[in-house]
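Novice: I'd like to go over a predicted model; first the sequence, then the structure.
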Amino acid sequence: MEALLAIAIGILSASGVFLILRARTFPLVLGLTLLSYAVNLFLFASGRLRMDAPPLIREGAAYTDPLPQALVLTAIVIGFGMTAYLVMLALRALSESGDDHVDAKEKS
Amino acid sequence: MNEHATILPILIPFAAALLQLAMKGYGIAAQRTIGLVAVLFGAAAAVWLLQLADAGNVLVYALGDWPAPFGIVLAVDRLAAGMALITALLAAGALLYASSGFDERGRHFHPLFQLQIVGLQGAFLTGDLFNLFVFFEVMLLASYTLLAHGGGLARTRAGLAYVALNLAGSALFLIALGMLYGTLGTLNLADVALRLQTLDGNFALARLACVLMIAVFALKAALLPLSFWLPHAYAAAGAPVAALFVIMTKVGIVAILRVQAIAYAPAAATADLLDGWLVALALATAGLAALGALAASRLRDLAAWLVLGSAGTLLVAPAFPQATVTAAALYYLLQSTFAAAALFLLADAIAERRGAAADTFQSGPRMHAPWLALAFLLTAASAAGLPPFAGFLGKLMLLSALRDSAAATAIWLVLLLAGLLVILALAKKGGQLFWVHTADAVAPAAPVADWRRSLAIALLVSPALLLALFARPVADYAARAAAQLHEPQAYISVVLGTTEIVRETRP
């Protein structure tokens, strides 16, 4: 399972970095989203992977570390807000310059 | 009541932002009044906090009363309290300036400004690394919108690059935090320090996590390979926004100073983490910034390059974790923050009086504002490090504290040469702004003198003189703050208490 997760994180972040380097606003947004997925999975794994263990501490029962789940939740919420703002900014740049390149010049 | 002083610098702007949102329908005057009252109260709270912190104990505020390391704590030492006061004063100047009309050029300026203060103050006061991430994001989200405030393609483009870069930086921060939690099992700074000291066996992963953390802070502080965003973004921002942004690079620098002094330097595993590379990169940053200042075509570009230059100079300090170097760096940080912020406001005031020439270094109409020329002379002389102003004292303290360090020759050479280039740039370009006129240029109608603008400029320009006059008490406080920062054991024992923490062994 560790290998599977590691491969998934690797593919997600590689695709994310590739898309960010495209220098067009829509691939940029997609790339940053993929990168944040990779990061969230990575954070999740920092509490170790355990099967059939809820993040609740009970006498004698197996449990998994609840903290990384709280961290991932926080990161998801923040990432969501940031992505929404980035999309808005990209739309504004498109309407002002008529081009979706990140270094677009003034509309002539 | 005293124990709640710790959280007041965060709560006051937060309450003000909520109130401003609720009172949106009551017009701009209500927004301004709430904002100005909030920054005044915030400054008063910061002064109070500074007095409490100067008693010598680290003030710990457990949010929700959960003890560290299980809950999130605010931990306020002299450094944090001092930074809170600098932020409050800078915010007061920037808000005063913005209240004279800039705030009406877009929507929701005032609540966003207050939320930016929340993020800044939180980042300085927190004692928990994940909480630091959250406050970074609060600060950044507000700054994204403030950067775009006022509109225009230049701001949108600069904003896009700035947002994308910082989102990538946040991803890196989360990776670093995940690795730190995976290896050490904690994210409380004091507990991280304690665990690093007792770490045995293979600590390659912990080292990697720590150095990733430094990389994230270096991005915020604009260390050389990660610094090309800064001149672009700061020069595009509106003047009051850029003035407030000056403190944002300082957040990164203070974070590096803090983690290095408290967690990394005392632990065998990470003591040599910053050796060798940080000084070289910091000096390269200072050199690049000096060249950029020489090549700048507008005063606001020049001010942005000076922010980068002071960041480069300051980032030499964390490589030498000694109290004397840190103390000198703190004084330098204080004066360079106000000088750069003042320069942004002056650039705006100058642009207003030169019509089409704005603040570009081309000959324009004659300006009839001797006080403006005087303010520029004072700020430029201080920023260039000329005696008798605060900039000179700051540089002198830093250079003399670094005299006995290993790379002293290189540091002196680069910093002094960079200083010379900055003097050249400021002298030449200041002369072009104030002394070279074209006879037929049409001067714009003289702007109405606004007391808020004059007061804001006076507030941010005067530290160049005041910090030189009162250099002794300020430098003494910086020395006490640095001495406290370099006693990590006291910090750890106050934050964590004396009870033994039961730890689970992890696979």
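Specialist: Sure, I can see it. Residues are numbered from 1 along each chain as shown, chains lettered A, B, ... in the order given.
Novice: can we go C-alpha only for contacts and neighbour counts from here?
Specialist: Fine.
Novice: what about stretch B:318-326, how long is it end to end?
Specialist: 7 Å (CA to CA, to the nearest Å).
Novice: ok, and what's touching it?
Specialist: Applying CA atoms under 8 Å, 6 or more residues apart in numbering or on different chains, the contact partners of stretch B:318-326 are B:256-257, B:260-261, B:265, B:274-275, B:278-279, B:317, B:398, B:401-402, B:405, B:479, B:482-483, B:485-486.
Novice: tell me which element residue 95 falls in.
Specialist: As the question left the chain open, I've gone with chain A. Assigned by DSSP states H and E, residue A:95 belongs to helix A:67-97.
Novice: that was the other one, I meant chain B.
Specialist: Assigning secondary structure by DSSP H and E places residue B:95 in helix B:78-98.
Novice: also residue A:35?
Specialist: helix A:25-45.
Novice: so what does that helix touch, helix or strand wise?
Specialist: In terms of contacts (3 or more CA pairs under 8 Å, 6 or more residues apart in numbering or on different chains; DSSP states H and E), helix A:25-45 is packed against helix A:2-20, helix A:67-97, helix B:153-184.
Novice: hang on, the earlier thing: just the buried residues of the contacts of stretch B:318-326.
Specialist: In the contacts of stretch B:318-326, burial by neighbour count holds for B:256-257, B:260-261, B:265, B:274, B:278-279, B:317, B:398, B:401-402, B:479, B:482-483, B:485-486, counting by 16 or more other CA atoms under 10 Å in any protein chain shown.
Novice: please name the nearest non-neighbouring residue to residue 54.
Specialist: In the absence of a named chain, chain A is used. residue A:63 (5.2 Å; CA to CA, 6 or more residues apart in numbering or on different chains).
Novice: other chain: chain B
Specialist: Using CA to CA, 6+ apart, the closest residue to residue B:54 is residue B:78 (6.0 Å).
Novice: right, and that neighbour touches residue B:49 too?
Specialist: No. Using CA atoms under 8 Å as the test, residue B:78 is too far from residue B:49 to be in contact (9.1 Å).
Novice: and residue B:90, what's its pLDDT?
Specialist: The score at residue B:90 is 95. That number is its pLDDT.
Novice: close enough to count as contact, it and residue B:460?
Specialist: Yes. Counting by CA under 8 Å, residue B:90 does reach residue B:460; the two are 7.3 Å apart.
Novice: the closest residue to chain A within the stretch 251-400 of chain B and residue B:489, how far apart?
Specialist: Of all residues in the stretch 251-400 of chain B, the one sitting closest to chain A is residue B:301 (18.5 Å; CA to the nearest CA). Distance of residue B:301 to residue B:489, computed by CA to CA: 43 Å.
Novice: more neighbours: the two, which one.
Specialist: residue B:301 (24 against 17; other CA atoms under 10 Å in any protein chain shown).
Novice: show me the contacts for the residue nearest to residue B:54.
Specialist: Going by CA under 8 Å, 6+ apart, the list of residues near residue B:78 reads B:50, B:53-54, B:56, B:58, B:480-481, B:484.
Novice: find the residues that touch each one of residue B:90 and residue B:460.
Specialist: Counting by CA under 8 Å, 6+ apart, the common neighbours of residue B:90 and residue B:460 are B:338, B:341.
Novice: what pLDDT does the residue nearest the centre of chain A get?
Specialist: Centroid-nearest residue in chain A, with CA atoms, centre = their mean: residue A:36, separated by 1.2 Å. Residue A:36 is assigned 93 on the pLDDT scale.
Novice: and for residue B:498?
Specialist: Taking residue B:498 on its own, its pLDDT is 68.
Novice: give me the number of residues near the residue of chain A found nearest chain B?
Specialist: Closest to chain B within chain A is residue A:46: 4.4 Å, counting by CA to the nearest CA. Using other CA under 10 Å, residue A:46 has 21 other residues around it.
Novice: contact residues of chain B facing chain A?
Specialist: Within chain B, the positions adjacent to chain A are B:137, B:141, B:152-153, B:156-157, B:159-161, B:163-164, B:167-168, B:171, B:174-175, B:177-179, B:181-182, B:507 by CA under 8 Å from any CA of the partner chain.
Novice: which among the residues you listed end up buried?
Specialist: By 16+ other CA under 10 Å, those give B:137, B:141, B:153, B:156-157, B:159-161, B:163-164, B:167-168, B:171, B:174-175, B:177-179, B:181-182 as buried.
Novice: which residues of chain A score low on pLDDT?
Specialist: A:104-108 (pLDDT under 70).
Novice: what residues does it have near chain B?
Specialist: Checking chain A against chain B by CA under 8 Å from any CA, the hits are A:28, A:32, A:35-36, A:39, A:42-43, A:46-48, A:68, A:78, A:82, A:86, A:89-90, A:92-93, A:96-97, A:102-104, A:106.
Novice: let's see 6 Å
Specialist: A:43, A:46, A:93 (CA under 6 Å from any CA of the partner chain).
Novice: do a quick rundown of the strands in chain B.
Specialist: Using DSSP state E, the strands assigned to chain B run over residues B:59-62, B:73-76.
Novice: most tightly surrounded among these?
Specialist: Across those, averaging neighbours per residue (mean count of other CA atoms under 10 Å in any protein chain shown) puts strand B:73-76 on top, at a mean of 25.
Novice: so what does that strand touch, helix or strand wise?
Specialist: Packing partners of strand B:73-76 (3 or more CA pairs under 6 Å, 6 or more residues apart in numbering or on different chains; DSSP states H and E): strand B:59-62.
Novice: run the last query once more with 7 Å
Specialist: strand B:59-62, helix B:109-125 (3 or more CA pairs under 7 Å, 6 or more residues apart in numbering or on different chains; DSSP states H and E).
Novice: what's in contact with it?
Specialist: For strand B:73-76, the surrounding residues in contact (CA atoms under 7 Å, 6 or more residues apart in numbering or on different chains) are B:6, B:53, B:58-63, B:125-128.
Novice: the buried ones among the contacts of stretch B:318-326 in helices, which ones?
Specialist: Under the assignment DSSP state H, those contribute B:256-257, B:278-279, B:398, B:401, B:479, B:482-483, B:485 to helices.
Novice: just give me the closest of these to residue B:337.
Specialist: Sorting those by distance to residue B:337 puts residue B:398 at the head of the list, at 15.5 Å, by CA to CA.
Novice: ok, that closest one - contacts?
Specialist: Residue B:398 touches B:325, B:328-329, counting by CA under 7 Å, 6+ apart.
Novice: repeat that for residue B:249.
Specialist: With CA under 7 Å, 6+ apart, residue B:249 has these contacts: B:220-222.
Novice: distance check, it against chain A.
Specialist: The gap separating residue B:249 from chain A is 20 Å, by CA to the nearest CA, to the nearest Å.
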